[in-house]
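Asks: return atomic coordinates for the entry below.
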Amino acid sequence: MLHPLTGKPRAVEEWVTTFHLVVVALDPFTHESGWILPTAGRVMGNFSGADCRVGWLVCGTEDQARQFLGSWADRFLTFADPEREMVRGLDLERLPAIVHLNHSLEVVGAAEGWRPKAWRAVASGLAKAMSWTKPTVPTRDDPPPYPGTPAAG
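Replies: The predicted model follows:
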């Protein structure tokens, strides 16, 4: 189940019925997830008009997600994952991470930690799948690469 900050919880299958789902998974209790917010926001913003749903997957309660994301929580779909069920279901080991799921719930692309080349590959694959413009990853304003933190918390 995915729990959006607005609306009712739904099974993951329901979120991908019409559109692919692209989430950036974050741990609100680490600096590393905070460092990627502007970069991830830029990448997701690039795809906000494409035939996919883009959003945040925050390993915390709804209140923790809102506090951590601030205004970013209002710009994109935001899911609270306090028990890290979705993060475990995606087999993520490091956060932050970007994950692209298709209609069959297959992980089409994923990158863990902030590894710019891996994030660029996910964004490029998504752009190709959506027939959309790919974002520049990285830009000079993005942080240097870092491994992230354990997804298990």
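Asks: show me what the host helix or strand of residue 78 is packed against.
Replies: Residue 78 is part of strand 77-80 when elements are defined by DSSP states H and E. Contacts defined by 3 or more C-beta pairs under 8 Å, 6 or more residues apart in numbering; DSSP states H and E place strand 77-80 against strand 3-4, strand 52-58, helix 62-69. Where C-beta positions appear, they are placed from N, C-alpha and C, glycine not excepted.
Asks: in CSV, list these along with mean neighbour count.
Replies: CSV is the format used below for the helices and strands packed on strand 77-80 (neighbours: other C-beta atoms under 10 Å):
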stretch, mean neighbour count
strand 3-4, 17
strand 52-58, 25
helix 62-69, 18
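Asks: residues contacting stretch 71-78, please?
Replies: The contact list for stretch 71-78 (C-beta atoms under 8 Å, 6 or more residues apart in numbering) reads 4-5, 37, 41, 44-45, 48, 53-56, 58, 65-66, 69.
Asks: flag every buried residue along it.
Replies: Under the neighbour-count criterion of 16 or more other C-beta atoms under 10 Å, stretch 71-78 has 72-73, 75-78 buried.
Asks: what are the pairing partners of the strand holding residue 78, and which direction each?
Replies: Looking at strand 77-80 with DSSP bridges, its partner strands are strand 3-4 (antiparallel), strand 52-58 (parallel).
Asks: for those strands, which one sits closest to residue 25?
Replies: Of all these, strand 52-58 sits nearest to residue 25, with 4.3 Å by C-beta to C-beta.
Asks: noted, bye for now.
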